[in-house]
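Asks: Provide a 3D model corresponding to the input given below.
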Amino acid sequence: MWKRNIVLWISLALSSLFVVVGVVFNQWLGEKAAIFLDFAVTYFNWFYLLVGSSFVFICGFLIFSKYGNIKLGKDTDKPDFSTTAWISMLFSAGMGVGLVFWGVAEPVKHYLFPPYGEGGTIESANNAMTYTFFHWGLHPWALFGIVALSLAYFHFRKGLPSAISSIFHPILGDKIHTNLGKTIDILSVFITAVGISSTFGLSTLQIASGMEARWGIENTFSTQLMIISFATIIFLISSSTGVNRGIKYISSLNVILLFTLMLFVLLIGPTKQILEIFISSTGNYLGNIVPMGLKMEPFDQEANNWIGSWTVFYWAWWTTWAPFVGSFIARISKGRTIKEFVIGVLVVPSLISFVWFSILGGSAIHLIHEFQNTALADNINADVNAALFAFFNEIPLGSILSVLALILIFSFFITSADSATFVLGMLSDKGNLNPSNRIKMTWGIISSGSAIVFLLAGGLDAVKTISIVVASPFTFIMLFICYSIIKSLKSEFKVK
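Replies: Numbering: from 1, shown residues only. Coordinates of the predicted model:
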């Protein structure tokens, strides 16, 4: 298993080298990555926006096309998981950690510092929620969905290995089994490892901030290291039980905790206004999705910088998660039709995200705008890591909700790490759908080490910047993935 697995050894070597360089040259790594990111979002913002919107268009086309009834598997295959369990797992792996992290911080940031117009106004409040929906709606899930759909289609229906290189069979043919295919797989595994580490880093930062806000435990690197170490032990234990046990059960727990937290805040907060925010912002988002998806400000540099630092940044950041999230969703999606798959992956998680931001972000903006709670605004602006807990400090039952949120963050951390080590094991072991515990645990330790690199290199900024820089090449790979899946679907339909 290990001796002749070039993909495994080289991707492990690259990931280990990343950890070593990050520890020894952490300041240099952070500085160079920041320079590259600034160049990318300044000169290639048009490219990211165009590509992101293209993925949404392709997914919409697949839902209503003649290919919608094609199954991800044999025509007689049935789904391995119930719809509820399936959605719970794909949502937890997709962006659970990010939702909790940015649930309050992003809407408030947009409200205070909008892309255009004056901050702290009714207009900026409406735009804040619309842009938050935009950043967490169909675009990221379309990106994940394209990778997931392609992997599931070529593996379960075409019988190819569950590896990124298999997607390129319509283009490369049997060359996917040569060094060219292995190079694609190595790059995908390395990007996945770094993207996963960014998730670990986000979780650690927020857990540490929450512990400091709730129990006064100082948020130091030592504290963060202890959190990562403890979480690593837990998710390695969970990972050893497989998809049908550990990941499935914890994902269900995540959804229960998420909805419990939302229900509490909905009832405690401005319920009527939250419902209005959800309906209004969803309408604004759907009505402006095309203009927002292609919006640039070539004659307004300040507004253009905002788009680069938020929208373009997000599109690039989601790319770092695409191989990981896509691979995991593909693994659990056998037996579903293309139409069912795309609707399930795009629409349901997006709606859950909209509800979450309406309740958490909408309530926070309500406190700041209606009650002139400048202290809350200042606290969130000063430390986005602790934004959620700063908000809880201002509402009834805040101490209970803070503890519940910490459990949720930790649970999402475990689920993401659990599914991540599974995906890394699968991609680096020739598409093996049941990778050995030895491989999964090796990747778990490497990923935790990479998360420590991010924290050493500068916390949140380093987490975002370095992961995007490493994953930039995968954006180009995504374009070929789109071409490949459409080409194969056309060929299959002609045969029929």
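
Asks: for the helix or strand where Ala231 lies, the distance to its chain's centre please.
Replies: Using DSSP states H and E, Ala231 sits in helix 221-239. With CA atoms, centre = their mean, to the nearest Å as the basis, helix 221-239 stands 20 Å off its chain's centre.

Asks: How about stretch 284-304?
Replies: 22 Å.

Asks: cool, and stretch 44-56?
Replies: With CA atoms, centre = their mean, you get 17 Å for stretch 44-56.

Asks: Same question for stretch 269-280.
Replies: Distance, centroid of stretch 269-280 to centroid of chain: 26 Å (CA atoms, centre = their mean).

Asks: What of stretch 179-196?
Replies: Distance, centroid of stretch 179-196 to centroid of chain: 17 Å (CA atoms, centre = their mean).

Asks: what comes up buried for it?
Replies: Under the neighbour-count criterion of 16 or more other CB atoms under 10 Å, stretch 179-196 has 181-182, 184-196 buried. No exception for glycine: its C-beta is placed from N, CA and C like everyone else's.

Asks: what's the answer for stretch 276-294, then?
Replies: Buried residues in stretch 276-294, defined by neighbour count with 16+ other CB under 10 Å: Ile277, Phe278, Ser281, Thr282, Asn284, Tyr285, Asn288, Ile289, Met292, Gly293.

Asks: Just the closest of those residues to Asn127, please.
Replies: Nearest to Asn127 out of the buried residues of stretch 276-294 is Asn284 (CB to CB; 8.4 Å).

Asks: what helix or strand is the closest one on?
Replies: Going by DSSP H and E, Asn284 is in helix 271-293.

Asks: Outside of that helix itself, list whatever touches it.
Replies: 49, 52-53, 56, 126, 129-134, 137-139, 266, 311, 354-355, 358-359, 362-363, 366 (CB atoms under 8 Å, 6 or more residues apart in numbering).

Asks: among those, which are in helices?
Replies: 49, 52-53, 56, 126, 129-134, 138-139, 266, 354-355, 358-359, 362-363, 366 (DSSP state H).

Asks: remind me which residues of the stretch 1-150 of the chain are low pLDDT?
Replies: 1-4, 23, 92-96 (pLDDT under 70).

Asks: As CSV, the buried residues of stretch 276-294 with distance to Asn434 and pLDDT would be great.
Replies: As requested, the buried residues of stretch 276-294 are exported to CSV (distance: CB to CB, whole Å; pLDDT from 0 to 100):
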residue, distance to Asn434, pLDDT
Ile277, 44, 97
Phe278, 41, 97
Ser281, 42, 97
Thr282, 40, 97
Asn284, 45, 97
Tyr285, 40, 97
Asn288, 45, 95
Ile289, 39, 96
Met292, 42, 94
Gly293, 39, 94
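
Asks: which of those residues lies closest to Met211?
Replies: Among the buried residues of stretch 276-294, and counting by CB to CB, the member closest to Met211 is Ile277, at 30.2 Å.

Asks: distance of that closest one from Leu388?
Replies: 18 Å (CB to CB, to the nearest Å).

Asks: pLDDT (mean, whole number) over stretch 311-319?
Replies: Mean pLDDT, stretch 311-319: 84.

Asks: For the nearest residue to Thr475 once chain neighbours are set aside, I want the exact helix or strand it lies within.
Replies: Of all residues not flanking Thr475 in the chain, Thr319 sits nearest, at 5.3 Å (CB to CB, 6 or more residues apart in numbering). Taking DSSP H and E as the criterion, Thr319 maps to helix 313-331.

Asks: quick one, that helix and helix 271-293 angle?
Replies: 100 degrees (axes from the mean of the first three to the mean of the last three CA atoms, to 10 degrees).

Asks: Packing partners of helix 313-331?
Replies: helix 26-43, helix 45-64, helix 83-102, helix 138-152, helix 179-215, helix 398-428, helix 460-495 (3 or more CB pairs under 8 Å, 6 or more residues apart in numbering; DSSP states H and E).

Asks: and the gap between Lys158 and Leu50?
Replies: Taken as CB to CB, the span from Lys158 to Leu50 is 29 Å.

Asks: Arg214: neighbouring residues, count only.
Replies: 18 (other CB atoms under 10 Å).

Asks: How confident was the prediction at it?
Replies: 78.

Asks: and the residue nearest to it when sequence neighbours are not counted, what is it in contact with?
Replies: Distance criterion CB to CB, 6+ apart; nearest residue to Arg214, sequence neighbours excluded, is Ser402 at 4.8 Å. Ser402 makes contact with Gly210, Ala213, Arg214, Phe389, Phe392, Asn393 under the criterion CB under 8 Å, 6+ apart.

Asks: can you rerun that using 6 Å?
Replies: Ser402 makes contact with Arg214, Phe389, Phe392, according to CB atoms under 6 Å, 6 or more residues apart in numbering.

Asks: which residues of the stretch 151-300 of the chain score low on pLDDT?
Replies: Short version for the stretch 151-300 of the chain, where the test is pLDDT under 70: 240-248.

Asks: redo that, cut-off 80
Replies: 194-203, 214, 235-254 (pLDDT under 80).

Asks: From Ala148, how far out is Asp75?
Replies: 20 Å.

Asks: ugh, typo on my part, it should be Phe413
Replies: Distance from Phe413 to Ala148, by CB to CB: 22 Å.

Asks: for Thr199, same thing?
Replies: 17 Å.

Asks: got it, and Phe313?
Replies: 23 Å.

Asks: neighbour count winner among those two?
Replies: Ala148 (27 against 20).

Asks: How many residues are close by the closest residue to that one other than its chain neighbours?
Replies: Spatially, and ignoring its direct neighbours in sequence, Ala148 is nearest to Ile329 (3.7 Å; CB to CB, 6+ apart). For Ile329, the neighbour count with other CB under 10 Å is 28.

Asks: So which residues make contact with stretch 98-105?
Replies: With CB under 6 Å, 6+ apart, stretch 98-105 has contacts from Leu202, Gln206, Trp356, Leu360, Gly361, Ala364, Ile380, Val384, Ala387, Leu388, Phe391, Ile409.

Asks: ok, so of these, who is nearest Trp86?
Replies: Distances from Trp86 to the contacts of stretch 98-105, taken as CB to CB, are shortest for Trp356 (19.3 Å).

Asks: so what's the closest one up against?
Replies: Neighbours of Trp356 in contact, by CB under 6 Å, 6+ apart: Leu99, Gly103.

Asks: Repeat that for Asp75.
Replies: No contacts exist for Asp75 under CB under 6 Å, 6+ apart.

Asks: Over to it: give its phi and psi.
Replies: Backbone torsions of Asp75, given as degrees, to the nearest 10, read phi -60, psi -20.

Asks: So what's the residue count around Val56?
Replies: 22.

Asks: Any of the contacts of helix 271-293 buried? List them.
Replies: Of the contacts of helix 271-293, these count as buried by 16+ other CB under 10 Å: 49, 52-53, 56, 126, 129-134, 137-139, 266, 311, 354-355, 358-359, 362-363, 366.

Asks: if we can go back for a sec, Throw together a PyMOL command that grabs the buried residues out of the contacts of stretch 98-105.
Replies: Applying 16+ other CB under 10 Å to these, the buried members can be selected in PyMOL as follows:
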select buried, resi 202+206+356+360+361+364+380+384+387+388+391+409
